[in-house]
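# fold the following and give me the result.
(chains A and B)
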Amino acid sequence: MMSQRRKQFPFDDFEPRWQQHWEENKTFSAPNPGDKGFDASKPKFYALDMFPYPSGSGLHVGHPEGYTATDIISRYKRMKGYNVLHPMGWDSFGLPAEQHAIKTGEHPRINTENNVNNFRRQLKSLGFAYDWDREVATTDPEYVKWTQWIFLQLYHSYVCEETGKARPVSELEEKGFSREVIDEKRLAFVADTPVNWSPDLGTVLANEEVEEWRSKGHTVERRPLRQWMLRITAFADRLIDDLDDLDWPEGIKNLQRNWIGRSEGAEVDFTIAGEKVTVFTTRPDTLFGATYMVLAPEHPLVDKIATPEQKEAVEEYRKVCASKSDLERTGLATEKTGVFTGGYAINPVNKEEIPVWIADYVMMGYGTGAIMAVPAHDERDMEFAEKFEIPIIEVVQAPEGNEDNCFCGHGTAINSGFLDGLSTADAKEKIIDWLEKSYLGKRTTNYKLRDWLFSRQRYWGEPFPIVWKDGLHYGIDESELPLLAPPLEDYKPTGKPEAILAKAKDWVELEDGSIRETNTMPQWAGSCWYYLRYCDARNSEAFISPEAEEYWLSGDGKAGGVDLYIGGTEHAVLHLLYARFWHKVLNDLGYLKTPEPFHKLVNQGLIMGEDGQKMSKSRGNVVNPDEVVDLYGADSLRLYEMFMGPLEQVKPWSMKGVEGVYRFLGRVWRLVYEADQEGNWKMREQLVDAKPDKATNKVVHATIKKVGEDIDSLSFNTAISQMMVCSNELGKLDKLPVSSVALLLQVLNPFAPHITEELYQVLQKEFKDLPEGDLASQDWPAYNEEYLIEDEIEIVVQVNGKVRDKLTVSKDASKEELEALALKSEKAQVFIEGNTVRKVIVVPGRLVNIVAN
RNA sequence: GCCGAUGUGGUGGAAUGGUAGACACAACGGACUUAAAAUCCGUUGGCCUUUGGGCCGUGCGGGUUCAAGUCCCGCCGUCGGUACCA
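Below is the predicted model of the structure:
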């Protein structure tokens, strides 16, 4: 219907024209230090979007939300005199392309390239000011080369225990450490661990990924496998502590803190039949209240401890646990279960014997897989103790008013021998000191974070630059990079936990008898460092040159060099944690100067369907950006996405809303143009080369001010409403000063670049005094404070806080004058009458409040 | 349970502790038109009204203040994340 109607302005004509203009003139190219046209005197601004996975279904309206925001900032910063780095690229490894290959037998690169081309076309149709010369795809051989190179840095590094920093393993070789010891210390290492194996995906998954794939209906089971791991745990403390220096949403910081899950406490050694069993606790001060011990069902000591009478029950219970999925085991409402082993442990602090149980509420994978249970002060232990009638001993006196059936907070130690009377904090210190002196335990910190399982058995990922010989692994020489996977006849997974690349015998088996590693890296590898590559995308000598790094990633007092990073929350713990980890390693090794990658992070809110539901194909509420561009133009789509509401908020789509901003752009168009009888666009006669009057100057300059401030604070919706106010005012004028229109076009340009450039060009032809060149190359206009000051202002007269009258007064009226005027107000008098005026509050320029009773 | 958001007209949303509802959408009325679309101009939180206005109103209950959507305390709802992590 809409396409049948006459367009309010010919966006389908000028939008592609301007896009072509920008492309041909390389308007938004950002030269590097040393390049032609580079101006070192300008400050830099790095605005980064989370690059998309180029899926087959193309862009959805969520993409342009964040992209438009960074685009507005980038265009604005350029006008403010910055060298702006605003790049785009493709996170193009991934499972869908591989599944397409499985179905068709076609190399996944072909499908990937098609999708990338479609994404690029769609993004270009929105007029984003990207420097397309810096475009990268993680699947480009040149990019793969450096991803593998960075892996080799990890492989050839270890973390020095004294400094906590990554260092080359060559230092260990020089010190004469054995190959075996060195291999155990590498940041990239091989381990036999229980991993998350998904038979239907044909690959293992990182802990961080398990939930996502499960929720998509795939099965994930645990099984022991030999895998490449990255030692992210060695960076746990820095990954937590350095969050403090970042300008990130508190929620995201908390998600990372929780994911890393640092908890400080103590390990305490108990003895069971002569065997030492260590437990981890964050509350060593409650040691006197431990009335039983629980081992994880998988705990290696269970066999030794279980008495003959209990052996059968224990075996039975372990079998049941093993068959349970993680979900069942950790499920919400599961009642506590467990079995007595028959064994007893000796509590080191009072030598008392406590029964040892096994129960699945204790996880083998965390702490030591064994706990001391203090039912009086732990809800889980309490529930368990009540069910199995185990004694409960209170050892912490809750502060008054906080008494609880199961008090888990801090209080005063009781029934605890030498700890009695101490605060929880002091008791912790004292008991840990005692344990350490008695060689019965030590202070420890535990983390939930596990090392990063880094290998995948898929085809469409970076092969590991590793060969095996005689059971030992070796990093291949840098000169052999990139190491690309050979094309296969058949991309189907084997169903066994064996990498698909193992099928390529000719590639795997080398002449010297060594064989290639057949695993590939996860998709995260490429996205861990793409923001670095953008800085120097065409460098074939290094992943980034020191000069480019120095300029674009200088933090200038900030922890991270990317000045603004906008993207969705879905990457809160995965990509953002991994990228920080790699960055820190490269920083330690001297390749980067900043400790963090992203200084300021903003999460755009999800765009819901028109029905308020999450957009999805099955609901049929997905909005296709191509359609919106077709009906209303790119400027309308950009403007609407910014006008919907605050960037970070979740908000529903509304086609009516798109029409609203489309009409606004139509009004801006008609400030300059009107249609004649034949329907041709002619310049409006009201446009004059005259000085604007006071009111016009006021609204225009107020707009310049507000739009600038609002862009700085990412409040794009209110910036747009101010521009609407401005254009509404200008539209009423019989004599419309062209300079005022030009200023509006200038501040609107970052939001709606096509229509504003088009109109400005038209004005330039008629009014020769306008500054030359296009809007993109002009400076952001300064506002004149004088125009904002009004001679007369309206102030409000309140009586007891309620508005009773409004007065128009001179802007210079003194407090005393205002008070006198307000007291004289007849409307206010009515409410004062009969009462005594107790107080008069005068807020100059705003109001007078008369307190009377 | 915990963590983080959030609650304002019919809707999306504005409001440095200082005139609640800017700007839009929808709706209604009018102009233009043979008609419609588009455009332009009005009205639009609720209740009462003698048409001057008045009263009520930002999830609920308290509090601080001359003044609270905004600050404090306690609840409730919604959304997102996360969870036997000892």
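# report whether stretch A:375-395 contacts RNA strand B.
Yes. Interface with RNA strand B: stretch A:375-395 contributes A:378, A:380 (C-beta under 7 Å from any atom of the strand). From N, CA and C alone the C-beta is placed, and that goes for glycine too.
# tabulate the CA atom coordinates of that stretch in CSV.
Extracted C-alpha coordinates of stretch A:375-395, given in CSV (Å, rounded to 0.1, in the frame of the first residue of the first chain):
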residue,chain,number,x,y,z
PRO,A,375,23.7,-27.5,59.4
ALA,A,376,23.1,-24.7,61.9
HIS,A,377,24.5,-22.1,59.5
ASP,A,378,24.0,-23.4,56.0
GLU,A,379,20.6,-23.9,54.4
ARG,A,380,21.6,-26.9,52.3
ASP,A,381,23.3,-28.6,55.2
MET,A,382,20.3,-27.8,57.4
GLU,A,383,17.9,-29.4,55.0
PHE,A,384,20.0,-32.5,54.7
ALA,A,385,20.6,-32.8,58.5
GLU,A,386,16.9,-32.5,59.2
LYS,A,387,16.0,-35.1,56.7
PHE,A,388,18.6,-37.6,57.9
GLU,A,389,18.3,-36.6,61.6
ILE,A,390,21.9,-35.5,62.0
PRO,A,391,22.7,-33.3,65.0
ILE,A,392,22.7,-29.5,64.6
ILE,A,393,25.1,-27.4,66.7
GLU,A,394,24.8,-23.6,66.7
VAL,A,395,28.2,-21.9,66.7
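# name the residues of it that are buried.
Residues A:375-378, A:380-382, A:384-385, A:388, A:390, A:392-395 are the ones in stretch A:375-395 that count as buried (16 or more other C-beta atoms under 10 Å).
# what about it, average pLDDT?
The average of the pLDDT scores along stretch A:375-395 is 90.
# which outside residues touch that stretch?
A:283, A:285-286, A:288-289, A:291-292, A:294, A:335-336, A:338, A:340, A:355, A:357, A:359, A:361, A:371, A:373-374, A:396, A:405-408, A:413-416 (C-beta atoms under 8 Å, 6 or more residues apart in numbering).
# make it 6 Å
By C-beta atoms under 6 Å, 6 or more residues apart in numbering, the residues outside stretch A:375-395 that reach it are A:286, A:288-289, A:291-292, A:336, A:361, A:373-374, A:396, A:406, A:408, A:415-416.
# same question for stretch A:548-568.
A:32-33, A:44-48, A:50, A:66, A:69-70, A:85, A:245-246, A:531, A:535-536, A:594-602.
# buried only: go through those for me.
Here, 16+ other C-beta under 10 Å leaves A:32-33, A:44-48, A:50, A:66, A:69-70, A:85, A:246, A:531, A:535-536, A:594-602 buried among the contacts of stretch A:548-568.
# just the ones in helices from those residues, please.
A:66, A:69-70, A:531 (DSSP state H).
# how many other residues sit next to A:Met372?
Number of residues near A:Met372 (other C-beta atoms under 10 Å) recorded here: 27.
# tell me the secondary structure at it.
Recorded secondary structure, A:Met372: strand (DSSP: H, G, I helix; E, B strand; the rest coil).
# with adjacent residues omitted, what lies nearest to it?
Among residues not flanking A:Met372 along the chain, A:Ala290 sits closest, at 4.0 Å (C-beta to C-beta, 6 or more residues apart in numbering).
# and A:Asn118, by the same measure?
A:Gly58 (5.5 Å).
# could you do A:Ile150 as well?
The shortest distance from A:Ile150 to any non-neighbouring residue, by C-beta to C-beta, 6+ apart, is to A:Trp529 (6.2 Å).
# ok, A:Arg238 next?
A:Lys584 (6.1 Å).
# what secondary structure does that neighbour sit in?
helix.
# can you check A:Asp490 too?
coil.
# please report phi then psi for the closest residue to it other than its chain neighbours.
With C-beta to C-beta, 6+ apart as the criterion, A:Asp490 has its nearest non-adjacent residue at 6.8 Å, and that residue is A:Gly105. In terms of degrees, to the nearest 10, the main-chain angles of A:Gly105 are phi 80, psi 0.
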